[in-house]
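Undergrad: After the sequence you'll find the predicted model.
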Amino acid sequence: MPTIAIIGAGIMGRGIALNLKKAGHNLRIQARSRAKIEDLLGANVSHFENAADAAEGAELTLVCLTDDEVIRQNILTDKFLATIKGIVIDVGTTSPGLTIEMYQKFTGRGVRFFDSPMTGSKTAANEGQIFFIVGGTEKDIADTKYFYDACSRGYVRCGNVGDGQRAKIVLNMVQAGTLQMFIEGLSLASKIGIKASAMKSIIENSAARSGLSDFKAPFILSRNFETHFSVRNMNKDLNHAMHLALGCNAELPLSFSLKGVFDRAMNSGHADSDFCAIAANVEIR
């Protein structure tokens, strides 16, 4: 069984580690908080505070970090680049520019690299039901199929390195917009005297239904903003989407307006809440 390093064991990284452990892999996990993965540790699972130490001797290294600057501080360092071998997959959502920079740094040292950001909730990660979006070759996928088999319900190849990140950014923009429209619908229904629960049932039985509204509606109605994917991360990905749009002159009037919604949520103390917390200050009853 290949030895796998996991750099970053947050909500999604922990779920990945859980399923790779179940599959019998030897794991080397870098996590800021050992306590959060204490229950996973054992004979074949080790914790490291430093990313380079975790990656030492691994045939596959999974980078599960969400912020460009954090990647620069932990991955694009002389120590890490001197240590890394085998194959590196970036499974977080980072800027396409950084993805290309990582590709150039790793391939320049003879290390294979491709991007494979993921979509799915904390529940999906824990149950091995993540869906991956791949920017790489068919051979890249074939040579790491054991990883996808253990942690996912499937994947789609979008093209070359960087294309996975671009597609994921578009996906998150669509999800953010879908949720905002659902929240606005519940809010308007409440204002005109229609119960939110009734409006939810109407939407569920119409073409307006979506997997996102099905998943998030119970949390919104109960005002439970437990984090599955944070406002902070969605806001970051919207920033990436706006940057892509400006670079190709794409007209995205709704999405540019949506940025203000997420900026307000960030500034009102909900940065680390689930992104359905954009409903926190909206009257829904």
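TA: Structure's in. What do you need? Residues are numbered from 1 along each chain as shown.

Undergrad: And the helix or strand containing Ala189, how far out from the chain middle?
TA: Remark: Ala189 resides in helix 163-191, with elements defined by DSSP states H and E. Centroid displacement of helix 163-191 relative to its chain, using C-alpha atoms, centre = their mean, to the nearest Å, is 15 Å.

Undergrad: Please enumerate the helices of the chain.
TA: Secondary structure of the chain (DSSP state H): helices at 11-22, 51-55, 68-74, 78-83, 96-107, 122-126, 138-143, 145-151, 163-191, 196-204, 211-222, 231-248, 253-267.

Undergrad: quick one: which of the ones you listed is nearest Ala43?
TA: Smallest distance to Ala43 across the helices of the chain (C-beta to C-beta): 10.6 Å, for helix 11-22. Just so you know, the C-beta spots here come from the backbone N, C-alpha and C atoms, and that holds for glycine as well.

Undergrad: Excluding its own residues, what touches that closest one? List them.
TA: Taking contacts as C-beta atoms under 8 Å, 6 or more residues apart in numbering, the residues outside helix 11-22 that touch it are 4, 6-7, 9, 27, 29, 31, 36-37, 40, 44-45, 62, 64, 91-92, 118, 120, 122, 124-128, 130, 147, 150-151, 227-229.

Undergrad: So which bits of it are buried?
TA: Judged by neighbour count (16 or more other C-beta atoms under 10 Å), helix 11-22 contains these buried residues: 11-21.

Undergrad: Now do it against helix 231-248, angle only.
TA: Put simply, helix 11-22 runs at 110 degrees to helix 231-248, going by axes from the mean of the first three to the mean of the last three C-alpha atoms, to 10 degrees.

Undergrad: Give me the mean pLDDT for helix 11-22.
TA: In this model, helix 11-22 has a mean pLDDT of 96.

Undergrad: Just the CA coordinates for that helix, please, in CSV.
TA: Output in CSV follows, covering the C-alpha atoms of helix 11-22 (Å, rounded to 0.1, in the frame of the first residue of the first chain):
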residue,chain,number,x,y,z
ILE,A,11,-12.9,19.5,7.6
MET,A,12,-12.3,17.9,4.3
GLY,A,13,-8.7,16.7,4.9
ARG,A,14,-9.8,14.8,8.0
GLY,A,15,-12.5,13.0,6.1
ILE,A,16,-10.0,12.0,3.4
ALA,A,17,-7.6,10.7,6.1
LEU,A,18,-10.4,8.7,7.6
ASN,A,19,-11.2,6.9,4.4
LEU,A,20,-7.6,6.3,3.4
LYS,A,21,-7.1,4.8,6.8
LYS,A,22,-10.1,2.5,6.3
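
Undergrad: Any regions of this structure where pLDDT drops low?
TA: Scanning the chain for pLDDT under 70 picks out nothing.

Undergrad: Where do the domain boundaries of it fall?
TA: 3-161, 166-279 (automatic domain parsing).

Undergrad: Out of the contacts of helix 11-22, list just those in strands.
TA: With strands identified by DSSP state E, the entries of the contacts of helix 11-22 that belong to them are 4, 6-7, 27, 29, 45, 62, 118, 130.

Undergrad: Contacts only, for Leu40.
TA: Under the criterion of C-beta under 8 Å, 6+ apart, the contact partners of Leu40 comprise 14, 17-18, 21, 27, 29.

Undergrad: The nearest residue to His47 once chain neighbours are set aside and Arg109: what is the separation?
TA: In space, His47 comes closest to Arg34 once its chain neighbours are excluded; the distance is 5.0 Å by C-beta to C-beta, 6 or more residues apart in numbering. Taking C-beta to C-beta, to the nearest Å as the measure, Arg34 falls 29 Å from Arg109.

Undergrad: Ok, Asn19 next?
TA: In terms of C-beta to C-beta, Asn19 sits 29 Å off from Arg109.

Undergrad: And for Ala280, nearest residue in space, chain neighbours not counted?
TA: When the adjacent residues along the chain are set aside, Ala280 lies closest to His270, with 5.7 Å between them (C-beta to C-beta, 6+ apart).

Undergrad: mind listing what the one you found touches?
TA: For His270, the contacting residues are 225, 231, 277-278, 280, by C-beta under 8 Å, 6+ apart.

Undergrad: Hmm, Leu27 and Ser46 touching each other?
TA: Yes. Look at Ser46 against Leu27 with C-beta atoms under 8 Å: they come within range, at 7.1 Å.
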